[in-house]
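Visitor: structure of the sequence below:
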Amino acid sequence: MRMLPFAWRSLRRELRGGDLLTVAAALVLGVAVMTAVGTLVNRVTLALTQSAAEIIGGDFGVAARQPLPEDWAGEASRRGLKTARIVSFPSVLFAGERSQLADIKAVDAGYPLRGTLETTADLAGLDPEATPAPQPGEAYADARLLDALGLRPGDTLEFGHGELRITRRLHAEPDSSGELFQLAPRLLVNLADVEAAGLLGPGSRAQHRLMFAGSPAQIDAFRDWLRPRLDGHRLISIADAEQQLRGSFERAQRFLALAALLAVLLAGVATALAANRFALRQIDAVAILRCLGAPQNRVLGALALQLLLLAVPASLLGLALGLIAQAGLVEALGTLLPDRLPLPQATPALAGIAIGGVLLLGFGLPPLLRLRGVPPVRVLNRSLGARPALPVLVYLAALAAAVALVVFATRDPRLAQYVLGGLAALAAAAGLLGWAMLVVLKRLQRHLRGPWRLGLAALARRRSLSVVQLVGLSLSLCALLLLAAVGPALLQQWRDQLPADTPNYFLLNVQPAQAQDVLAALRDLGVDAPRLEPFATGRLVAINGRPPAELSFPDASAANWLDRPINFSWREDFPPANTLVAGEYWRPGSRAAEVSVETGWARRFGLKVGDTLTLRLGERDFTATISNLRKADWDSFRVNFFLLLNPGALGEDAPAYNLISSFHLPPGRDRELAALTRAHPNLSLLDIDAILSRVREVIGRVVEAVQLVLAFSLAAGVLVLLAALQATGGERRHESAVLRTLGARRAQLRGAVLVEFAVLGGMAALLAVGGAAATGWLVARELFQLAPALPWDRLLAGGFGGIAIAMLAGWWGTRRIVRTPPARALREAT
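Guide: Model prediction:
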């Protein structure tokens, strides 16, 4: 027996039977979904990490919240290094009657040190060109800012005390590739214009960066010179940027991969069902081949070769579909991704093919092992079948394949344990509930007649297979409902439940000399009891007299906060939107050196009442005892701080500070508020409603992308239904023939099939809607502290959609069975 020609001819014949088509469809789905996610992640990761020097804007740099010493740039130039100074801050921009919060990025002539700044002369963004930094009086604006202000290249906009002319549309910045999900649009200006506009007052919340570029030896020598001179400054290195970018996007990769994992596991179930049916259909053929002298290993090799010949085109088709789906994911995420995504590496395609191999070896090949036990004498006595197919080996192979898929998707053994445990628990819960419902339906069908009795009887007879179908469809449908219905509804409910006087604006960078004018302006605008809070930064230099670097903390992320500036304030009375948890707040007039700490910050560093903190405030160190812990309500949108100092202890020697306020502006006063920022250009005004709208847009785009991935899961759930139908095809054909012989009409049989799958879809919808509703209820209560108000209209619509999908799959999978003549079906059965 020549294996390859025999396997090819057998494959062509078996494809008409439908079992191997189901295996092929499962392979296509599994390869496609993992290729789509893997390719997207690979392209974004390449964009973020392939040129880390471009991402940070140089070979290394220094960042701080205050202006950097001038002599550092001079020393770098003396050593032959190139430098670029960058200042970033938020500000409200005006063009006529329109205004927009923007992210201002001011650069000097040395920018960019690495990479290319690309702009276009037209609004459409065609033909981007490499461009130097803007000249004084000029600016480059991105598309979102131009659209928001109704501008185009050549127009002017107000900027502080003067105006800037927008000369180019900003297309791509070399050092913004790592800024995923940027909320505010960007305006790139010359640093001299910011200084002339008076937008940066003392204590302003600007981010100052000084970037350096040179040879590796020059960089190393200058870094050694600079390191002992750092005092609250943060070094920016290529290694840190790569690690941060890799860590942030790995979380996104895991989220998408876990969404894809459900589709792959369901495809594995469909593969196992179809492969088992295929193995059963080969028993007679194997017995004949054994009688003709074919060795057992060659027979099994020919069958395995059929699967391999099937897997090659299925994997290629899956790769093509995955690349198309990846383009859909890029389109769904849109502006949330870096501007320029490079072509992917071969790794995602190879990983997708590997997923197909795991599906084939773990779920498809083990059922064929039962054919090793087919005796040649079966040709004479068909009651002699194959021995049970090493069930332990079959189950272990499927379990090993599932574990391999989960570990590959999560890249984290601990997370893989949680995912496997969670999926197993969900599947077990759905299976037990489905089993219980089938028991009830079995008792109910005795009291029914016609198609209802036949349909429910069919479900009860094949109870185990019905539970498998039920679990597959309900899990995929539940995941879709959670994302498409429950998640957006909870976010909207959280937004709607905020009190009517919830602050809708933050005002930043108010200088102490401007305080009275700003307060008077806010009162004139109808703001009720406006208040300005002092806002300063310092460094934590000791906890209970010991440097923090010598201590260990309960929260692993605490070490990342040690080099960051700490935002703090001071006030005499207890702040609103806070709850006292431990200790006592200081009394008015107290001059004791005390500090109030927010509970989340205290947990991070393992602090308690009675501990001491030493802060570096400017040129002096200030030590205070923790007198109380308080819990801040961050959802109130009021000004809150991790640390509050007793103002009596600071006395007249308060550190440099500016003022901040949050307030609720009555409807219809937005244009009048613009006059305040026009009069004081250094003020930064944050529109909370606009920010929340942008956040909702970001969440909506991410949800849309994940829904696209979960659509593969729903398709895999339908594939499980079809595979189960094929597995029972012979039995159903025989039942149909008997019923037709006994006088049942074809319409009655069709009705029974529709009833069977309508009930199956109804049970799956009930489990899915119930699971999504229960999850939404818990999230609303525990995370959002809301009285649950679930979107029952969308949940029920999704449930009815699941019923329709199940009925359609049932009709499609049994249409030939119902049409088979009874005599032919009975002959085949015997």
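Visitor: helices along the stretch 501-650 of the chain, start to end?
Guide: Ranges of helices in the stretch 501-650 of the chain, per DSSP state H, counting those that start in this stretch, are 515-524, 599-605, 647-650.
Visitor: isn't residue 561 up against residue 600?
Guide: No - applying CB atoms under 8 Å as the test, residue 561 and residue 600 come out as separate, 11.6 Å apart. Backbone N, C-alpha and C define where each C-beta goes, glycine included.
Visitor: the more surrounded of those two?
Guide: Applying other CB atoms under 10 Å to residue 561 and residue 600 shows that residue 561 carries more neighbours, namely 17 against 12.
Visitor: ok, the more buried one - contacts?
Guide: Contacts for residue 561 (CB atoms under 8 Å, 6 or more residues apart in numbering) come out as 540, 604.
Visitor: how about a cut-off of 7 Å?
Guide: residue 604 (CB atoms under 7 Å, 6 or more residues apart in numbering).
Visitor: do residue 472 as well
Guide: So residue 472 contacts 266, 269, 717, 720 (CB under 7 Å, 6+ apart).
Visitor: which of those residues has the most neighbours?
Guide: For the contacts of residue 472, the largest number of neighbours (other CB under 10 Å) sits with residue 717, at 31 neighbours.
Visitor: what's the helix or strand for the nearest residue to that one once chain neighbours are set aside?
Guide: Taking CB to CB, 6 or more residues apart in numbering, and ignoring the residues beside it in sequence, residue 717 has residue 476 as its nearest neighbour in space, at 3.9 Å. Here residue 476 sits within helix 463-481, counting by DSSP states H and E.
Visitor: list the buried residues in that helix.
Guide: 465-481 (16 or more other CB atoms under 10 Å).
Visitor: endpoints of stretch 97-114, how far apart?
Guide: 38 Å (CA to CA, to the nearest Å).
Visitor: quick check: domain ranges of this structure?
Guide: Taking automatic domain parsing as the criterion, the chain consists of the domains 1-54+238-411, 69-232, 417-501+688-830, 529-663.
Visitor: quick one: mean pLDDT over the helix holding residue 476.
Guide: Helix 463-481 comes out with an average pLDDT of 79.
Visitor: on contacts alone, who are the packing partners of the strand or helix carrying residue 756?
Guide: Element membership of residue 756, judged by DSSP H and E, is helix 746-782. Contacting helix 746-782 under the criterion 3 or more CB pairs under 7 Å, 6 or more residues apart in numbering; DSSP states H and E are the following elements: helix 413-445, helix 450-461, helix 463-481, helix 487-496, helix 792-819.
Visitor: so where's the stretch 151-300 of the chain uncertain?
Guide: Segments of the stretch 151-300 of the chain classed as low confidence (criterion: pLDDT under 70) are 176-183, 201-205, 232, 238-255.
Visitor: can you pull out the strands in it?
Guide: 156-159, 162-172, 186-190, 207-213, 234-237 (DSSP state E, counting those that start in this stretch).
Visitor: residue 63 is nearest to which of the domains of the chain?
Guide: domain 69-232 (4.8 Å; CB to CB).
Visitor: how far off centre is that closest one?
Guide: Its chain's C-alpha centre and that of domain 69-232 lie 30 Å apart, by CA atoms, centre = their mean, to the nearest Å.
Visitor: what does stretch 478-496 give?
Guide: Worked out by CA atoms, centre = their mean, stretch 478-496 lies 15 Å from the chain centre.
Visitor: over to stretch 615-634?
Guide: 35 Å.
Visitor: one more: stretch 555-571?
Guide: Per CA atoms, centre = their mean, the centroid offset for stretch 555-571 relative to its chain is 27 Å.
Visitor: residue numbering should commence at 388 henceforth.
Guide: Got it, first residue is 388 now, which makes that one stretch 942-958.
Visitor: by mean pLDDT, which helix or strand of this structure comes out lowest?
Guide: Ranking every helix and strand in the chain by mean pLDDT, DSSP states H and E puts helix 1209-1216 at the bottom, with a mean of 54.
Visitor: make CSV out of the helices of the stretch 888-1037 of the chain and add mean pLDDT.
Guide: Compiled in CSV, these are given as follows (pLDDT from 0 to 100):
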stretch, mean pLDDT
helix 902-911, 91
helix 986-992, 90
helix 1034-1037, 89
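Visitor: now do residue 1017, the pLDDT please.
Guide: 95.
Visitor: now do the contacts for it.
Guide: 965-968, 983, 985-986.
Visitor: which of the residues you listed has the largest number of neighbours?
Guide: residue 983 (28 neighbours).
Visitor: which strand residues bridge that residue?
Guide: residue 1015, residue 1031 (DSSP bridges).
Visitor: about what we covered before: go through the helices and strands packed on helix 1133-1169 and name the closest to residue 693.
Guide: If we rank the helices and strands packed on helix 1133-1169 by CB to CB, the stretch that ends up nearest is helix 1179-1206, at 22.7 Å.
Visitor: list the buried ones in the closest one?
Guide: For helix 1179-1206, a neighbour-count test (16+ other CB under 10 Å) marks 1181-1182, 1185-1186, 1188-1190, 1192-1194, 1196-1197, 1200-1201, 1204-1205 as buried.
Visitor: cool, stretch 611-624 as well?
Guide: Quick answer for stretch 611-624 (16+ other CB under 10 Å): 613, 619-621, 623-624.
Visitor: if we can go back for a sec, to residue 1058, which of the domains of the chain lies closest?
Guide: domain 456-619 (6.9 Å).
Visitor: where in the stretch 688-837 of the chain is pLDDT low?
Guide: In the stretch 688-837 of the chain, residues with pLDDT under 70: 722-727, 760, 764-786, 789, 793, 795-803, 805-807, 809-810.
Visitor: let's go with 80 and repeat that
Guide: Along the stretch 688-837 of the chain, segments meeting pLDDT under 80 span 688-690, 719-731, 750-814, 817, 821, 825, 828-837.
Visitor: swap in the stretch 938-1087 of the chain?
Guide: Scanning the stretch 938-1087 of the chain for pLDDT under 80 picks out 941-952, 1005-1006, 1022, 1038-1041, 1055, 1057-1059, 1061, 1064-1065, 1068-1069, 1071-1087.
Visitor: that one: strands as residue ranges?
Guide: 953-957, 965-970, 981-985, 999-1004, 1007-1019, 1030-1032, 1045-1050, 1071-1074.
Visitor: mind putting these into a markdown table with distance to residue 408?
Guide: Shown next, in a markdown table, are the strands of the stretch 938-1087 of the chain (distance: least, CB to CB, whole Å):
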| stretch | distance to residue 408 |
| --- | --- |
| strand 953-957 | 62 |
| strand 965-970 | 62 |
| strand 981-985 | 60 |
| strand 999-1004 | 69 |
| strand 1007-1019 | 59 |
| strand 1030-1032 | 66 |
| strand 1045-1050 | 61 |
| strand 1071-1074 | 56 |
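Visitor: how about low-confidence regions in the stretch 388-537 of the chain?
Guide: 388-406, 428-429, 431-444, 452, 484, 486, 488, 510-514.
Visitor: could you point out which of the strands of the stretch 938-1087 of the chain sits nearest residue 490?
Guide: Among these, if distance is taken as CB to CB, the winner is strand 1071-1074, at 10.7 Å.
Visitor: ok, the closest one: who's next to it in the sheet?
Guide: Strand pairing (DSSP bridges) places strand 1071-1074 next to strand 892-897 (antiparallel).
Visitor: list the contacts of the strand it pairs with.
Guide: Taking CB under 7 Å, 6+ apart as the rule, strand 892-897 contacts 588, 591-592, 905, 919, 1045-1050, 1052, 1069-1075.
Visitor: which elements pack onto the helix or strand residue 535 falls within?
Guide: According to DSSP H and E, residue 535 maps onto helix 530-536. Counting contacts by 3+ CB pairs under 7 Å, 6+ apart, helix 530-536 packs against strand 485-494.
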